[in-house]
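In: Got a sequence here, can you model it:
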Amino acid sequence: MHTMTDRILLNNRTAIPCLGFGTYKITDAKEAYQSVYDALSIGYRHIDTAAFYENEASVGAAIRDFMADHQVAREEIFVTSKVWKTEFGRERTKKAFAKSMELLGLDYLDLYLVHWPSSFAFDDDWENTNRDTWRGMIDNYRSGRVKAIGVSNFLPHHLHALMDMEVIPAVDQIEVNPGFLQEETLLFCKENKIVVEAWSPLGRGLSLKHPLLESLAQKYRRSVAQIILRWELQHDIIPLPKSVNPSRMKENAQIFDFSLSDADMAAIDALAPYGNSGHSPDQV
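Out: Now for the predicted structure:
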């Protein structure tokens, strides 16, 4: 990968940019609009939102206005949204997709994800719930209004239930950051040709103060954030950093003109869990 717009082929041959821009917790309408417009202006071509983020209307408006203002084709911008866990089931998933499309104001979506798995902590029939939800996702895919479908926060035992269905997930978006690499899920996804995206790629900011990462930042003359995002990129993971600060957005994208050594990659891999990493209470 040489630039932020370089694309990775998903298992259905859809091409996804190797770096994305996340919008979680940007709930103020004006701020959500401006941050997405700024990200696109800086060069991001991969925007990630979700019904749960309550900003789809602002995100969609920013994308549409940017395309009109700069004569950018829709095909150049990769847009993701997600169905929330209150909408499990085939029909509800289809209705949720229709609502997201209406809010976004786009003709099609590039990627649509199941935001959370149903799990045995809350549902005795969780495997069938996930399968029924996935049938709704396949219906959305067959409609031609979304180019690829996938999941988020699914662990291998959640994914197993979907692997014999007619379409398997193209993406699993999970939490990945130093101290929380989730190797078991990464390996399962790699074996099954499922691309992994990283939410909270900077560990909710806590990773930025880690001594090892600070020392590597000095060694490579980079910011700690750039070291972490580069580490994820070299693991073939698509990071989705979020910021409302244009200079930070720009910095987060400047990770394509250097690489980490194998030894430094291994040192980051070996970090023990710390801080707030890996707290996903219903991910069981």
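In: who touches the helix or strand harbouring Ala148?
Out: Ala148 belongs to strand 146-152 when assigned by DSSP states H and E. With contact meaning C-beta atoms under 8 Å, 6 or more residues apart in numbering, strand 146-152 is reached by 10, 12, 14, 16, 82, 97, 108-117, 137-138, 140-141, 158-159, 162, 167, 169-174, 194-195, 199. In this view, the C-beta of every residue, glycine as well, is placed from N, C-alpha and C.
In: Quick one: list the elements packing against the helix or strand following that strand.
Out: Once the chain leaves strand 146-152, the next helix or strand it forms, by DSSP H and E, is helix 156-160. Counting contacts by 3 or more C-beta pairs under 8 Å, 6 or more residues apart in numbering; DSSP states H and E, helix 156-160 is packed against helix 183-191.
In: Can you give the distance of the helix it packs on from its chain's centre?
Out: In this view, helix 183-191 has its centroid 16 Å away from the chain centroid, taken as C-alpha atoms, centre = their mean, to the nearest Å.
In: before we move on, what about stretch 165-183?
Out: So, by C-alpha atoms, centre = their mean, the centroid of stretch 165-183 is 9 Å from its chain's centroid.
In: and that stretch, what's its mean pLDDT?
Out: The pLDDT scores in stretch 165-183 average 97.
In: Name the residues of it that are buried.
Out: 167-182 (16 or more other C-beta atoms under 10 Å).
In: Now the terminal residues of it, how far apart.
Out: Distance between the two ends of stretch 165-183: 24 Å, counting by C-alpha to C-alpha, to the nearest Å.
In: What of stretch 67-80?
Out: 17 Å.
In: Show me where the chain has its helices.
Out: Here the chain has its helices, by DSSP state H, at 29-42, 56-70, 90-104, 126-142, 156-160, 183-191, 211-220, 224-234, 246-253, 262-269.
In: In strands, which of the buried residues of stretch 165-183 appear?
Out: Using DSSP state E, the subset of the buried residues of stretch 165-183 located in strands is Val171, Asp172, Gln173, Ile174, Glu175.
In: What pLDDT is listed against the residue nearest to the last one when sequence neighbours are not counted?
Out: Taking C-beta to C-beta, 6 or more residues apart in numbering, and ignoring the residues beside it in sequence, Glu175 has Ser200 as its nearest neighbour in space, at 5.0 Å. The per-residue pLDDT reported for Ser200 equals 95.
In: tell me, how many neighbours does Ser200 end up with?
Out: Counted with other C-beta atoms under 10 Å, the neighbours of Ser200 add up to 25.
In: and what of the one 5 residues further on?
Out: Applying other C-beta under 10 Å, we find 11 other residues in the vicinity of Gly205.
In: Quick check: it vs Asp269, distance?
Out: Distance of Gly205 to Asp269, given as C-beta to C-beta, to the nearest Å: 21 Å.
In: same question, Asn153
Out: 21 Å.
In: In this structure Met1 contacts Pro17, no?
Out: No - Met1 lies out of contact with Pro17 (C-beta atoms under 8 Å); the separation is 9.5 Å.
In: can you pull the contacts of Pro156?
Out: Glu184, Thr185, Phe188.
In: do the same with Ile63
Out: Val36, Leu40, Ile47, Ile77, Val79, Leu104, Leu106.
In: I figured the fifth one was touching Met101, is that so?
Out: Going back to what we said before, that points to Val79. No - at 10.5 Å, Val79 does not count as touching Met101 under the criterion of C-beta under 8 Å.
In: In terms of neighbours, single out the busier of those two.
Out: Remark: of Val79 and Met101, Val79 carries more neighbours, 24 against 21, as counted by other C-beta under 10 Å.
In: before we move on, back to that, out of the contacts of strand 146-152, which end up buried?
Out: 10, 14, 16, 82, 97, 109-117, 137-138, 140-141, 158-159, 162, 167, 169-174, 194-195, 199.
In: Who's the closest spatial neighbour of the residue lying farthest from the centre of the chain, skipping the chain neighbours?
Out: Residue farthest from the centre of the chain, counting by C-alpha atoms, centre = their mean, is Lys219 at 28.8 Å. Leaving out its chain neighbours, the residue that sits closest to Lys219 by C-beta to C-beta, 6+ apart is Asp264, at 7.8 Å.
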